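S.K.: Sequence and computational prediction follow.
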Amino acid sequence: MRWAWALLCAAALTAAPVELSLKRAVQLAVSPEGNTRVQLSAEALKQAESRSAQSRASLLPDLSAAFTDQNRTSNLGAMGIQISVPIPGFTFPSFVGPFTTMDARISATQSVFDFSSIRRFQASKVGVSAAKADVNGSAEQVAAQVARAYLAAVRADADVEAAKSNLTLSEAVLKQAENQKAAGTGTGIEITRARVQLANDRQRLLVAENARRAAGLQLLRAVGLRLDTELVLTDKLQYIPVDALTMEQAKTQALKERPDLEAQQERESSARLSANATKLERLPSVAAFGDYGSSGTGFDNSLPTRTIGISLRVPLFDGGRRDARRAESASQYRAEKVKTNDLKEQIDLDVRLALDALRSAEDQVKVSREGLELAENELAQARRRNEAGVAIGVEVTDAQSRLERARDNQTAALYNYNVGRIDLAQAMGAVRKSVE
């Protein structure tokens with residue numbers, strides 16, 4: 001996707017219009033350089049991987065090296081060393097030094113038996129899986145957001161085109177009224193009425209053009225492009241039938257494909273392992289340790305020394321801190337289980353609402369199509385009757401208003417239908433698949 005971003009940046013710098021389809025808009029938004037939410041989820045994944053690496057470190061050897069070279073004096077009396085044995089001709093000093101000591105050493109520790117650390121590492125790996133699912137979930141949500149923004153921009157384009165068509169029609173009606181008035185078959189009120197309709201259509205065009213600019217900016221923001229980029233949308237509002245789908249089929253696919261449910265289930269597993277790790281803190285832990293080095297008054301007269309051993313740590317009493325952590329982790333696990341069950345119920349609701357909305361929108365498309373055809377026929381008949389002198393101009397104006405309303409109804413129906421398709425795809429966790 002980097003080449004696409006390069007092309008878009010170049011187009012923005014040269015102020016050239018950028019052709020953008022729905023598929024390409026979604027691809028740009030979910031790319032690593034795209035929407036901010038996608039970038040943040042990618043960083044969250046990196047953080048989870050870093051936490052997992054930290055948890056793994058407690059199971060690996062810990063190596064360290066140290067070197068000390070010091071010159072010191074000591075007060076033996078201050079250290080509680082008092083030698084009072086009389087030796088003829090010699091008195092034990094209470095102050096010694098200065099003397100130099102040197103020590104160079106490598107130390108190592110290795111966990112041998114610590115089930116709590118093992119469980120924490122397992123929980124961290126599940127946390128990474130949850131973060132990966134969150135990345136997919138963020139991509140799905142961003143794709144749905146961009147798709148809706150794209151459809152809103154396309155609808156705004158359609159509204160502008162409809163407003164222009166209405167304006168052209170109003171100009172033609174006004175011209176017809178003026179011709180009839182000049183021929184003596186029309187009245188001044190019909191010209192006034194046509195001019196009022198023309199003024200209304202001009203205002204509606206201005207409102208539609210402003211709405212189109214706002215929708216374009218919202219789309220640029222959702223995709224993550226520069227706000228001064230000029231877009232040319234290649235897709236239009238259209239009716240694309242969807243495959244017949246039952247409620248159970250949609251729900252089954254949603255429970256299988258929804259990335260947010262997968263992420264929540266992973267978080268529940270991570271909380272369960274973390275709670276188990278806290279319980280295992282009561283068990284003894286075993287670690288091996290050792291060091292090897294050279295010590296003396298200098299490198300020339302130093303001797304090798306070493307230490308090896310095994311330590312056993314048995315928890316006895318820590319003031320109740322461990323029990324409190326155990327209760328807290330158990331509560332966190334129960335909370336994640338509640339969230340998982342609640343999300344499943346929400347998925348069920350999302351699927352039902354999306355299917356109902358899509359079916360209703362599909363019916364709206366069919367009705368609006370019939371209404372548009374009837375309105376076009378009515379206007380054509382009204383204009384013919386008016387030209388023949390058997391109908392007054394108000395019939396033409398009324399038919400014109402109904403045609404404008406029918407155009408708006410069809411645009412709204414197509415928009416609702418396409419939004420319904422996106423809602424159903426999001427409910428089933430397949431937004432990116434649906435726009436390909």
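M.R.: That came in fine, so what should we check first?
S.K.: Now that D134 has come up, it's in contact with S41, right?
M.R.: Yes: using C-beta atoms under 8 Å, D134 makes contact with S41 at a distance of 5.5 Å. C-beta coordinates here come from the backbone N, C-alpha and C atoms, glycine included.
S.K.: Distance check, A425 against T73.
M.R.: 80 Å (C-beta to C-beta, to the nearest Å).
S.K.: ok, now R155?
M.R.: Distance from R155 to T73, by C-beta to C-beta: 88 Å.
S.K.: who does the longest strand belonging to the chain pair up with?
M.R.: Ranked by number of residues, the top strand in the chain under DSSP state E is strand 95-113. Strand 95-113 pairs in its sheet with strand 62-75 (antiparallel), strand 285-296 (antiparallel), by DSSP bridges.
S.K.: Quick check: which of those has the most neighbours on average?
M.R.: Most buried of the strands paired with strand 95-113 by mean neighbour count (mean count of other C-beta atoms under 10 Å) is strand 285-296; its value is a mean of 15.
S.K.: can you list contacts of stretch 417-428?
M.R.: 140-141, 144, 147-148, 151, 237-240, 242, 245, 250, 253-254, 257-258, 347, 350-351, 353-355, 357-358, 360-362, 364-365, 431, 433-434 (C-beta atoms under 8 Å, 6 or more residues apart in numbering).
S.K.: Point out where the stretch 101-250 of the chain drops to low pLDDT.
M.R.: Filtered on pLDDT under 70, the stretch 101-250 of the chain yields no residues whatsoever.
S.K.: 80 - rerun?
M.R.: 180, 183-187 (pLDDT under 80).
S.K.: where do the strands sit along it?
M.R.: Assigned by DSSP state E, counting those that start in this stretch, the strands in the stretch 101-250 of the chain fall at 231-233.
S.K.: now the helices for it?
M.R.: Using DSSP state H, counting those that start in this stretch, the helices of the stretch 101-250 of the chain run over 115-183, 188-223, 247-257.
S.K.: I'd like to know which of these lies nearest to N341.
M.R.: helix 247-257 (12.3 Å; C-beta to C-beta).
S.K.: moving C-terminal of that closest one, what's the next helix or strand?
M.R.: The helix or strand immediately downstream of helix 247-257 is helix 259-279, counting by DSSP states H and E.
S.K.: Check which helices and strands that next one is in contact with.
M.R.: helix 115-183, helix 321-388 (3 or more C-beta pairs under 8 Å, 6 or more residues apart in numbering; DSSP states H and E).
S.K.: can you redo those as CSV with distance to G34?
M.R.: Shown next, in CSV, are those (distance: least, C-beta to C-beta, whole Å):
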stretch, distance to G34
helix 115-183, 7
helix 321-388, 25
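S.K.: most packed of the ones you listed?
M.R.: Ranked by mean neighbour count, the helices and strands packed on helix 259-279 are led by helix 115-183 with a mean of 20 (mean count of other C-beta under 10 Å).
S.K.: any idea how far that helix is from the chain center?
M.R.: In terms of C-alpha atoms, centre = their mean, to the nearest Å, the centre of helix 115-183 is set 16 Å apart from its chain centre.
S.K.: OK, contacts around D291?
M.R.: 105-108, 306-307.
S.K.: try 6 Å this time
M.R.: By C-beta atoms under 6 Å, 6 or more residues apart in numbering, the contact list for D291 reads 105, 107, 307.
S.K.: The last one falls within a helix, correct?
M.R.: No: judged by DSSP: H, G, I helix; E, B strand; the rest coil, T307 forms no part of a helix; its state is strand.
S.K.: is it in a bridge, and if so with what?
M.R.: So, taking DSSP bridges as the rule, T307 has D291 as bridge partners.
S.K.: Look at the residue lying closest to F113 once chain neighbours are set aside and report its pLDDT.
M.R.: Closest residue in space to F113, ignoring its immediate chain neighbours: V286 at 4.0 Å, by C-beta to C-beta, 6 or more residues apart in numbering. On the pLDDT scale, V286 is placed at 93.
S.K.: re earlier: quick one, which of the helices and strands packed on helix 259-279 gets closest to D408.
M.R.: Closest approach to D408 among the helices and strands packed on helix 259-279 (C-beta to C-beta): helix 115-183, 6.8 Å.
S.K.: re earlier: show me what the residue nearest to F113 bridges to in the sheet.
M.R.: Here V286 sits in beta bridges with F113, L312, as judged by DSSP bridges.
S.K.: so what's it up against?
M.R.: Contacts of V286 (C-beta under 6 Å, 6+ apart): 112-113, 312.
S.K.: so who does the residue nearest the centre of the chain touch?
M.R.: Using C-alpha atoms, centre = their mean, the residue of the chain that lies closest to the mean C-alpha position is S138, 2.7 Å off. By C-beta under 6 Å, 6+ apart, the residues touching S138 are 37-38, 41.
S.K.: Identify the residue spatially nearest to it, adjacent ones excluded.
M.R.: Per C-beta to C-beta, 6+ apart, closest to S138 is S41, 3.9 Å.
S.K.: Name the surrounding residues that touch the strand or helix carrying the one you found.
M.R.: Element membership of S41, judged by DSSP H and E, is helix 36-57. Helix 36-57 is contacted by residues 30, 120-121, 124-125, 127-128, 131, 134-135, 138-139, 142 when judged by C-beta under 6 Å, 6+ apart.
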